[in-house]
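Asks: here is a sequence together with a model predicted from it:
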Amino acid sequence: MKNKKKINETTTKNIWIVYLAGLCIAVAIIYSNTLNAPFIYDDGITIVENAEIKSNTIFAEIGVPRYVGLISFALNYQIHQLNPAGYHVTNIIIHLCNGILVFFLMRNIILLLHGSLIEKERNLLSFSIALLFVVHPLQTQAVTYITQRFASLAAFFVLISLLSYSAFRKSDSPRYSLYILSLLSAFLAFKTKENTASLPLMLVVIEYMLFKKTAVPMKRRILYLIPFFLLILVIPLSFMSLQAIHDHNVAGILKEIKETSYESPVISRNQYLITEFRVVATYIRLMLLPVNQSIDYYYPLSKSFFEPGTFLSFCLILVILIISIILFKKFPLISFGIYWFFIFLLIESSLIPIADVIYEHRMYLPSIGFIIAFVISLHILCQRLALTKYTGVLILIIALIVSVLTYKRNEVWKSEMTLWKDASTKFPLNPRARLNLGAAYSSAGMCDEAIKELEIGLEKEPGNPKARSEIAYCYWKKGLAGIAIKEMLLAIQLEPTNVSYYINTALIYLEQSKITEALSVLHKGHTVDASNAPINALLGKTYCLSGDFTSAMLFFDTSLKINHEDAYTHYDKAQCLLTYGRTEESRTSLFAALKNNPQLIDAYFYIALSYEQEKNSKQASYFYNQFLSKALLSNPLTTEAKARIK
């Protein structure tokens, strides 16, 4: 008997290895074309421009929302700097781990709800659910879009929490280490993304459906769940000011909790709720038929509950919930999947208004419930048709089809341009898609195309300052400085706190040699933020051009005090010093520029020029040769350097 038991255990482990290898291969193939995808959309704010993850100050800020996700980005930055490939690999690994967790969680759940199923069927169904989860194209936004690691990482901790809790509850003798692991994972989930606040409700479903016949008294079962509900407070507390907590200001705390749950003052709770009926119906359609996916849907708000689309969507949701009740006793796994789906959609698709009513990454965790209900329904149908042995084949065919769709969907993420072109083609009335496509064209130097898209977007969103800035840049590049300045001044008017708009306006003025106008707009920007290093640096450069050497040095030094490692500020200061014959000081700044940016090859030319002005021909010749050995032939200074050596 012992030998037979060992053989069975070995066989089971071998099957697990085959299934887990299958998940690994599937994920590796369908996401293999994402590694070279750049940082896109909010990746700029979350990673590229996020000083906290670069300086490691985020590690000490445990009280901030989404702390765990931000820590993961900080760790990525330590290893990969700003190479997106490393971030993509991390996202893919998290996604694969989630697939593996789904497999083992489903084995537990199927055993507890359908103990009559043989091991082979249990493994096959668990694998089928995990496989469809990892290959479904709706997951691409949570995996390929780096910033949406928040969604996949939060799901990772939720799945660990559910798996640990179910293992704890089904063990013959209480293993409180599993309970503590479940509680800790719940905490980490809450500190990764706010949609995980519904996790305790899922634990209630698990407790009721999976362990209702347990010998554990009801009071103890309730005691098991209470800490999870108390932990939810971590989420609103992360958004609250420390001052209100420190002062024990109850009114302030309640006010901040209310504001925390009301992200968008533009959309009322009722309007958001009735719009979400349609959104949930769209999510269901995308799960069944994943076509016309988009980074940004054009989704007008519902105006009335009795609009045909809104009312029919509500009826669909109601019918599904009624079906879950009807099937509860006979087919509990289908009901379980339905409850999972709606519970994990509860936070983002109910009464808490969010500025954007629909995003695909919000389906990452809820989709598991949908897939559970789908796979079990398919299995039951095959049983009724006496086709049980073909269940696995059908699942593999479906998985193959959606894998191809996922691979093709990932192609869209190869650049900002392809992503927003896809969105604007599918939703041509979406102003944000048109404006972002215009910005992508602008970044690529395709100004004619950029202006066309930006103008279309600005017709619907005339008050978008970023779009005004982008279109100004394109007009500037096309030589239409007058229109560019007009657009930049409008951008400043729309968003007067954005210092970059003042800088860009000044640069256009400087190109036209309008130094007075440039100084005027720069001083307005300086009033907004006197500690901004770039605006101080540009003030230094502009004052140098105006002939005010003292003011120029004052602003250059202020800029370098704020950011001593900025090579271009050192370089511009050196140019100014050289203009005024301060050759030795100029060289000091030029060497500092090279130290911080060795690719600033022109610095060698001006070091040589400073020595030449001092009549030191030997050193001048040496640095001219250094410049020529490093500069590209297309560099306009090469001709002058050769002439000066002669």
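Replies: It's in.

Asks: from now on I want contacts and neighbour counts done on CA atoms only, so please keep to that.
Replies: Noted.

Asks: low-confidence bits of the stretch 451-600 of the chain, can you list those?
Replies: Across the stretch 451-600 of the chain, not a single residue meets the criterion (pLDDT under 70).

Asks: need the helices for it, in chain order.
Replies: 465-477, 481-494, 499-511, 515-528, 533-546, 549-562, 567-579, 583-596 (DSSP state H, counting those that start in this stretch).

Asks: got a list of contacts for the second one?
Replies: Helix 481-494 is touched from outside by 463-466, 468-469, 471-476, 498, 501-502, 504-505, 508-509, with contacts defined as CA atoms under 8 Å, 6 or more residues apart in numbering.

Asks: quick one, it and helix 515-528 angle?
Replies: Put simply, helix 481-494 runs at 20 degrees to helix 515-528, going by axes from the mean of the first three to the mean of the last three CA atoms, to 10 degrees.

Asks: ok, the closest residue to S294 other than its chain neighbours - contacts?
Replies: Nearest residue to S294 in three dimensions, chain neighbours excluded: A423, at 5.3 Å (CA to CA, 6 or more residues apart in numbering). By CA under 8 Å, 6+ apart, the contact list for A423 reads 294-297, 433.

Asks: list the helices and strands the helix or strand hosting L111 packs on?
Replies: Using DSSP states H and E, L111 maps to helix 84-113. In terms of contacts (3 or more CA pairs under 8 Å, 6 or more residues apart in numbering; DSSP states H and E), helix 84-113 is packed against helix 2-30, helix 67-80, helix 119-135, helix 140-143, helix 149-170, helix 199-210, helix 332-343.

Asks: domain-wise, how is this protein divided?
Replies: Following automatic domain parsing, the chain resolves into domains at 14-412, 415-479.

Asks: quick one: which of those is nearest C544?
Replies: Closest to C544 of those, according to CA to CA: domain 415-479, at 23.6 Å.

Asks: for the closest one, measure first residue to last.
Replies: End-to-end distance for domain 415-479: 27 Å, by CA to CA, to the nearest Å.

Asks: again with stretch 524-536
Replies: One end of stretch 524-536 sits 12 Å from the other (CA to CA).

Asks: again, but for stretch 223-237
Replies: With CA to CA applied, stretch 223-237 spans 23 Å between its terminal residues.

Asks: let me see the mean pLDDT of it.
Replies: Averaged across stretch 223-237, the pLDDT comes to 95.

Asks: same thing with stretch 79-96?
Replies: On average, stretch 79-96 scores 96.

Asks: tell me which residues in that stretch are buried?
Replies: 81-82, 84-96 (16 or more other CA atoms under 10 Å).

Asks: name the nearest of those relative to G457.
Replies: Nearest to G457 out of the buried residues of stretch 79-96 is P84 (CA to CA; 29.1 Å).

Asks: wait, doesn't the closest one sit right on N36?
Replies: Yes - using CA atoms under 8 Å, P84 is in contact with N36, at 7.2 Å.

Asks: next one: S161 from L184, what distance?
Replies: Distance, S161 to L184, using CA to CA: 8 Å.

Asks: again, but for F370
Replies: Relative to L184, and taking CA to CA, F370 is found at 27 Å.

Asks: ok, now D602?
Replies: Distance from D602 to L184, by CA to CA: 55 Å.

Asks: okay, and Y283 sits in which element?
Replies: Y283 belongs to helix 269-288, assigned by DSSP H and E.

Asks: got the buried residues for that helix?
Replies: Neighbour counts over helix 269-288 (16+ other CA under 10 Å) mark 269-281, 283-284, 286-287 as buried.

Asks: which elements pack onto it?
Replies: Secondary elements touching helix 269-288 (3+ CA pairs under 8 Å, 6+ apart): helix 308-326.

Asks: the helix it packs on to helix 332-343, inter-axis angle?
Replies: Relative orientation of helix 308-326 versus helix 332-343 (the same axes, to 10 degrees): 140 degrees.

Asks: for helix 308-326, enumerate the helices and strands it packs against.
Replies: Applying 3+ CA pairs under 8 Å, 6+ apart, one finds that helix 308-326 contacts helix 269-288, helix 332-343.

Asks: as a markdown table, those with distance to E453 and mean pLDDT would be great.
Replies: Listed next are the helices and strands packed on helix 308-326 as a markdown table, based on distance: least, CA to CA, whole Å; pLDDT from 0 to 100:
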| stretch | distance to E453 | mean pLDDT |
| --- | --- | --- |
| helix 269-288 | 27 | 96 |
| helix 332-343 | 38 | 97 |
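
Asks: can the ones you listed go into TSV with extra columns for distance to S304?
Replies: Shown next, in TSV, are the helices and strands packed on helix 308-326 (distance: least, CA to CA, whole Å):
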stretch	distance to S304
helix 269-288	7
helix 332-343	22
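
Asks: closest one to I322 among the ones you listed?
Replies: Comparing the helices and strands packed on helix 308-326 by CA to CA, helix 332-343 comes nearest, at 9.7 Å.

Asks: and I372, what element?
Replies: helix 366-384.
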